[in-house]
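Peer 1: For reference, the sequence and a predicted model appear below.
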Amino acid sequence: MGNLDVFYGKLSHYTNIDVKYVELIFNTALLLLCLFILKRIGKFLIKKFVKDERKYYTYNSNYRIFLNTVGVIIMVFILDSYIKNLMTFISFISAAFAIALRDIILNFFCGLYIKIKKIFKVEDRIEINGVKGDVMNISTLEFSILEVSSKEENGQSTGIIVTFPNSVIFSSHIKNSTKGFKYIWDEIVVKIPLDGDVTKTKQEIYKIINNNEVIKRIPKKMINEVHNINDQFRVYYNKYEPVIYTRIVDDIVVLNVRYLIHPKKARAVESVIWENILLAYKEGRINLVNNVTK
């Protein structure tokens, strides 16, 4: 410790800076250098031993957040004797800087809250402030989502990346399509003439839906997922298999076809279903009115 004091004294003499601030600057620079080296080493080791890209991203992201948190804690100890002077200094600077500093601190702790509470995670599909997309990254201060089109219910990627500060989770409602369980109820509307054979048409549509390789595997998975989250959320469904509801609207029989699907696969699966319905119509197995709509 004596050698360090001599070292700080010499730096203070050469730089004409008070020795206590020389110590602060040196310790801060040393901390940042150590964090930089540890991040590089951790990234190298994770990349070497973790081959799966998803796991690599998750481990690396969590490791960086852990190091940043440790760095903040150590920095608090380094600044301990300077806090009073620091706060006095801050009180004299502009209100805009004080607000910015407050937001940075708020976003940092909100980032920890997102990670701990798992409000959403990378690859979840969420909607916030009218923007829907897939979570790409959750960092210390912000998170980014890859936007999907809102023109249709199960839109596809627009290629636009939207970034939000972490603190937005406390000021906005968040819709998470994959929290708890991965599947959502999707629905298409099939319209047939009033004098059409409703029973036969429903049988054909059930055959199309139940023969879909993606859809037919989901009910059992959904039952297991609902069972697994019942200790956290009260979720209950009477039916997990596809179902068709019938109603009459303006002299037309309307069939609401409802089934479980992963939100990211919904549009592709829906397209396949409509192609099979169209084929059944051309082959005379079902009747459709001219204004079939989604």
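Peer 2: Yes, it's here. Numbering: from 1, shown residues only.

Peer 1: where does the stretch 1-150 of the chain dip in pLDDT?
Peer 2: For the stretch 1-150 of the chain, the stretches flagged by pLDDT under 70 are 1-22, 80-100, 150.

Peer 1: Helices along that one, start to end?
Peer 2: For the stretch 1-150 of the chain, helices defined by DSSP state H, counting those that start in this stretch occupy the ranges 2-15, 19-49, 53-78, 83-92, 95-117.

Peer 1: Is Phe170 in contact with Cys110, as I believe?
Peer 2: Yes: Phe170 is in contact with Cys110 according to C-beta atoms under 8 Å; the separation is 6.9 Å. C-betas here are computed from N, CA, C, even on glycine.

Peer 1: Which one's more surrounded, these two?
Peer 2: More neighbours surround Cys110 than the other of Phe170 and Cys110, with 21 against 9 (other C-beta atoms under 10 Å).

Peer 1: for that one, what are its contacts?
Peer 2: Under the criterion of C-beta atoms under 8 Å, 6 or more residues apart in numbering, the contact list for Cys110 reads Pro165, Asn166, Ser167, Ile169, Phe170.

Peer 1: and the last one, how far is that from Asn107?
Peer 2: Spatial separation of Phe170 from Asn107 under the definition C-beta to C-beta, to the nearest Å is 11 Å.

Peer 1: now do the second one
Peer 2: Counting by C-beta to C-beta, the separation of Asn166 from Asn107 is 4 Å.

Peer 1: Which one's more surrounded, the two?
Peer 2: Asn166 (23 against 19).

Peer 1: Give the closest residue to that one in space, chain neighbours not counted.
Peer 2: Nearest residue to Asn166, sequence neighbours excluded (C-beta to C-beta, 6 or more residues apart in numbering): Cys110, at 3.7 Å.

Peer 1: Give me the common contacts of Asn166 and Asn107.
Peer 2: Leu141, Glu142.

Peer 1: Touching, Phe143 and Ile114? I think so.
Peer 2: Yes: the pair Phe143 / Ile114 is scored as a contact, 7.2 Å apart, by C-beta under 8 Å.

Peer 1: which residues are common contacts for these two?
Peer 2: Common neighbours of Phe143 and Ile114, using C-beta under 8 Å, 6+ apart, are Asn166.
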